[in-house]
Structures are given as structure tokens and as C-alpha cells.
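Peer 1: Could you look at this predicted model? Sequence included:
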Amino acid sequence: MEPRLKIHYREKVVPELMKTSGYKNPHQVPRLVKVVLNTGIGKDNKDAKVIEATQREMALISGQKPVITRSRKSIAGFNLRKGDICGVTVTLRGNRMYEFVDRMVTVALPRVRDFNGLPASSTDGKGGYTIGVREQVIFPEVDYNSIYKVKGMNVTISTTAKTGKETITFLKRMGLPIREE
């Protein structure tokens, strides 16, 4: 079954943006490329229970098996050696990506306390948009009683938009609650 957000993109967002932004071809309209979920492990990188729990929670949130990221070089100030575990990451593409963004917008973000929209300044100016999530319990898949440690994560949405303004316009049409600044 095709994701709801993908149908919304094809039937509503593409014609709307072609009309308002002056695209001549539907392939010029920005689209989602991938969504990357990333969380750091920090000082707990030697604790196997923390690493396993983080992997399990990321798998529940994303619906896909996460990859362990390792440090590329040693940093004495952080007590980090080359090859040590730094974090866990998941890259979502295709239908899983659309389903995740839909779940995040409709279910997870409304569960954030004192939420008043996402900042428009979180774009990198080249089609990327990063959201910082303070605790993973905003996702309903994660049971609050079964978490080992409350952790934050970054959600990076990559699009084919060329500028920051174009990215924000596209993501607003897709349903992300981005506030005016």
C-alpha cells in the first residue's frame, strides 16, 4: 500500500508548487530524497547494554535495522580512540521514509511539550533540514517503561530543493509545522 504522504505529495504538493513557484516540469518540483536518524552514545560507548538498547529503540522508531557508527580518529579530550563506537544511525528511503515523516508530523511532534513549531533556520541552504529531538519517548513505538536511558537524536530530511527558502516552502506544503521567523 502506498504511503499517505506520498499520495499527498503527488496529488496536492506537486500541482500547488508548480502553480505558485513557476516550475514548468513536475520533475523540477523538490522531493524527499532520504531521512537520516542519528543518535550519539557519548560516554556510554563501552557499555554494551546502552549500545544494544539504543539500537533496539532506533529500530522500533525507524522500522529498519540501525548501523553502529565508529570514530574515524582518536580525540584525547573526549577520551575517544579510533574505532570506538560513537553512535547509531539509520537511513530511510522510499516508502519507509514517507511513512516515518508522516508519523513524525502527525503523532510524535504533537507529543513534544510546549511545542510551537519547528524553526525555519534549521535548513543548510542546499536542500537539507535537521530537527533535534531531545528525547526518543515522543515516538509512540518506544515504551517509556522499557527505555534504558533517555537520549536525543537528530532527524535530517534531505530534499532536492536548491535553496533554503525553497526547502522551507516545500516542507511546509508537505505538512511540517515550520514557524515563521
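Peer 2: Nice, I can see it.

Peer 1: Might you report the residue contacts of residue 34?
Peer 2: By CB atoms under 8 Å, 6 or more residues apart in numbering, residue 34 lies in contact with 91-93, 97, 158. The way it works is simple: take the backbone N, C-alpha and C, and place the C-beta from them, glycine included.

Peer 1: what would those residues look like in CSV with pLDDT, distance to residue 76 and neighbour count?
Peer 2: Formatted as CSV, the contacts of residue 34 follow (pLDDT from 0 to 100; distance: CB to CB, whole Å; neighbours: other CB atoms under 10 Å):
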residue, pLDDT, distance to residue 76, neighbour count
91, 95, 31, 17
92, 94, 35, 21
93, 93, 37, 14
97, 93, 38, 23
158, 94, 33, 20
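
Peer 1: Contacts for the helix or strand of the chain with the lowest mean pLDDT, please.
Peer 2: Here the helix or strand of the chain ranked lowest by mean pLDDT, DSSP states H and E is helix 48-62, holding a mean of 87. Residues outside helix 48-62 that contact it (CB under 8 Å, 6+ apart): 37, 39, 41, 44-45, 65-66, 68, 85, 87-88, 90, 92, 96, 100, 136, 139, 141-142, 147-149, 151, 153.

Peer 1: Give the next helix or strand downstream of that helix.
Peer 2: Proceeding N to C from helix 48-62, the next assigned helix or strand is strand 67-70, under DSSP states H and E.

Peer 1: Mind listing the strands that following strand pairs with, and their directions?
Peer 2: Based on DSSP bridges, the pairing partners of strand 67-70 within the sheet are strand 85-92 (antiparallel).

Peer 1: May I see the buried residues of the helix or strand just after the partner strand?
Peer 2: Helices and strands here follow DSSP H and E; after strand 85-92, the next one along the chain is helix 94-103. Within helix 94-103, the residues scored as buried using 16 or more other CB atoms under 10 Å are 96-103.

Peer 1: Checking the residue nearest the centre of the chain next. Helix, strand or coil?
Peer 2: Residue closest to the mean C-alpha point of the chain, counted by CA atoms, centre = their mean, is residue 155 at 2.4 Å. Following DSSP: H, G, I helix; E, B strand; the rest coil, residue 155 is assigned to strand.

Peer 1: any idea how far residue 74 lies from residue 83?
Peer 2: 9 Å (CB to CB, to the nearest Å).

Peer 1: For the contacts of residue 34, give me JSON lines that also has distance to residue 178.
Peer 2: What follows is those, written out as JSON lines (distance: CB to CB, whole Å):
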{"residue": "91", "distance to residue 178": "23"}
{"residue": "92", "distance to residue 178": "20"}
{"residue": "93", "distance to residue 178": "23"}
{"residue": "97", "distance to residue 178": "18"}
{"residue": "158", "distance to residue 178": "16"}
